[in-house]
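Peer 1: Generate coordinates for the sequence data below:
(one chain, ligands or ions: 2)
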Amino acid sequence: MTRVAVFGNGSWGTAFAMVLADAGAQVSLWGRRAALAETINSTRVNPDYLPGIRLPDGVHATADPARAAEGAEFAVLAVPSQTLRENLAAWTPLLPADTVLVSLMKGVELGTSKRMSEVIAEVTGAGPERIAVLSGPNLAREIAERQPAASVVACRDEAVARRLQAACHTGYFRPYTNTDVVGCELGGAVKNVIALAVGIAGGMGLGDNAKGSLITRGLAETTRLGLAMGADAHTFAGLAGMGDLVATCSSPLSRNNTFGTNLGRGMTLEETIAVTKQTAEGVKSCRSVRDLARRYDVDMPLTETVVGIVHEGVQPAAALKELMARSAKAELR
Ligand SMILES: NC(=O)c1ccc[n+]([C@@H]2O[C@H](COP(=O)([O-])OP(=O)(O)OC[C@H]3O[C@@H](n4cnc5c(N)ncnc54)[C@H](O)[C@@H]3O)[C@@H](O)[C@H]2O)c1
Ligand SMILES: O=P(O)(O)OC[C@H](O)CO
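Peer 2: Residues are numbered from 1 along each chain as shown. Ligands and ions are numbered 1, 2, ... in the order given. Here you go, the predicted structure:
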């Protein structure tokens, strides 16, 4: 039986642990708090992140990273992106030397602007054949309810992507393989920034035309950055690009979308952070994405605008006026 360690028992780590167990794996679900691990094991529910959802018997919770790591064929990483480097440094010595490291995270490291697969490579020394990412339109609560969804598992080594695909393929979860790790990661991280923009627009009372325009132009700027960084343009038309962008920007379950909505309604950043209980990666990663855009000399006006509103005190109404007044352009270039 495939043994999998999932590090991070928040919404997505827990929901994906369910998928893996439903696909037949023996899953160790690690989280920092021993009390929560005990509650999960005794009640079969993770009340803090997925209340009302019964976890399959194949999921065992633990607060001991060594126990989670023991014999793991895959180590699935599902902590907030900005905490990965420090956590992974502690977990690496505990993992078998051939464990495949799988990122579920959709953020870019602040300061370094590194993608999660780059952080994993740096911290563990693993080669590209041992590093995979999973990304797509996968709102955790829907997956935990076993509502149907597709996703992408990406690894430079296609055989490894196929192994991971087999480990998480169920009747309600359909993973496709891809070898474009850069494109899948950027698709997941930048869509959080665009979801903030769409949420802000909704909170300001703007209509569906505005949202459709933001989603489409958001995908255009994501693709521009991806091409500059060596990604495949097709990835952005796929599940990790358009698929995730549409799901996230349409769903009230999205933390990034909701965060933006609160800002657009006039809450301050501090007030919005105070009512946000889970990880909204775009709030920090928008600055890392903006830094990447500048480094690669790519025009990303929506990302610049989100950074302005979230971190630099720009008022949403003024940002909208500025965006609409940008010089006229050809759509495709
Ligand atoms: N929730 C979703 O629908 C979803 C779907 C796809 C991808 N993701 C991505 O998955 C990643 C994890 O998101 P999530 O939704 O599970 O977040 P979450 O906020 O629900 O859970 C985060 C988990 O990390 C733990 N954590 C927080 N800080 C930590 C630290 N310093 N060290 C160790 N653990 C820490 C929390 O206790 C919690 O268990 C994010 O990058 C997110 O973008 C989420
Ligand atoms: O809740 P969000 O905004 O982090 O989005 C969740 C997932 O990434 C959707 O695929």
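Peer 1: so who does the nearest residue to residue 56 once chain neighbours are set aside touch?
Peer 2: Excluding its sequence neighbours, the residue lying closest to residue 56 (CB to CB, 6 or more residues apart in numbering) is residue 21, at 4.2 Å. C-beta: built from backbone N, CA, C; applies to glycine. Residue 21 sits next to 27, 55, 56, 57, 58, 59 when contact means CB atoms under 8 Å, 6 or more residues apart in numbering.
Peer 1: Report the residue ranges of every domain in this structure.
Peer 2: As given by automatic domain parsing, the domain ranges for the chain are 3-179, 182-324.
Peer 1: Looking at these, which is nearest to ligand 2?
Peer 2: domain 182-324 (3.5 Å; CB to the nearest ligand atom).
Peer 1: any idea of the mean pLDDT for the closest one?
Peer 2: For domain 182-324, mean pLDDT rounds to 98.
Peer 1: ok, now stretch 73-85?
Peer 2: Stretch 73-85 shows a mean pLDDT of 98.
Peer 1: The chain should start at 808 in everything you say after this.
Peer 2: Sure thing, new numbering starts at 808, so read that last one as stretch 880-892.
Peer 1: what's the span of it, first residue to last?
Peer 2: 21 Å (CA to CA, to the nearest Å).
Peer 1: try stretch 1054-1067
Peer 2: 15 Å.
Peer 1: circling back to that earlier point, would you turn the domains of the chain into TSV with distance to ligand 1?
Peer 2: Shown next, in TSV, are those (distance: least, CB to the nearest ligand atom, whole Å):
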stretch	distance to ligand 1
domain 810-986	2
domain 989-1131	3
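Peer 1: Now distance to residue 1137 too, for those, in a markdown table please.
Peer 2: Converted to a markdown table, the domains of the chain look like this (distance: least, CB to CB, whole Å):
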| stretch | distance to residue 1137 |
| --- | --- |
| domain 810-986 | 29 |
| domain 989-1131 | 11 |
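Peer 1: Can you say which of those domains is nearest to residue 1138?
Peer 2: domain 989-1131 (8.0 Å; CB to CB).
Peer 1: Between its first and last residues, how far does the closest one reach?
Peer 2: Terminal residues of domain 989-1131 lie 31 Å apart, using CA to CA.
Peer 1: go on, stretch 824-837?
Peer 2: Chord length of stretch 824-837, first to last residue, is 10 Å (CA to CA).
Peer 1: do that stretch and ligand 2 meet?
Peer 2: No. Stretch 824-837 lies apart from ligand 2 when judged by CB under 6 Å from any ligand atom; the minimum separation is 13.5 Å.
Peer 1: Ok, stretch 843-857 next?
Peer 2: No. Using CB under 6 Å from any ligand atom, stretch 843-857 never reaches ligand 2; the gap is at least 11.8 Å.
Peer 1: Now do the strands in this structure.
Peer 2: If DSSP state E is used as the criterion, the strands of the chain fall at 810-814, 833-837, 866-869, 881-884, 907-910, 938-942, 956-962, 980-985.
Peer 1: Can you add mean neighbour count and give these back as CSV?
Peer 2: Putting the strands of the chain into CSV (neighbours: other CB atoms under 10 Å) gives the following:
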stretch, mean neighbour count
strand 810-814, 27
strand 833-837, 25
strand 866-869, 22
strand 881-884, 26
strand 907-910, 26
strand 938-942, 28
strand 956-962, 24
strand 980-985, 20
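Peer 1: Nearest to residue 1130, out of those?
Peer 2: strand 938-942 (27.1 Å).
Peer 1: Tell me what angle the closest one forms with strand 980-985.
Peer 2: 130 degrees (axes from the mean of the first three to the mean of the last three CA atoms, to 10 degrees).
Peer 1: Contacts for strand 938-942, please.
Peer 2: Contacts for strand 938-942 (CB under 8 Å, 6+ apart): 823, 883, 907-911, 913, 923-924, 927-928, 958-963, 967-968, 971, 975, 982, 988, 991-992, 994-995, 1046-1047, 1051.
Peer 1: Give the pairing partners of that strand; include direction for each.
Peer 2: strand 907-910 (parallel), strand 956-962 (antiparallel) (DSSP bridges).
Peer 1: of all the contacts of residue 828, which comes closest to residue 943?
Peer 2: The closest of the contacts of residue 828, once distances to residue 943 are taken by CB to CB, is residue 834, at 19.7 Å.
Peer 1: The closest one against residue 862, yeah?
Peer 2: No. In this structure, residue 834 is not within contact of residue 862 by CB atoms under 8 Å, at 9.2 Å.
Peer 1: Good, we can wrap up now.
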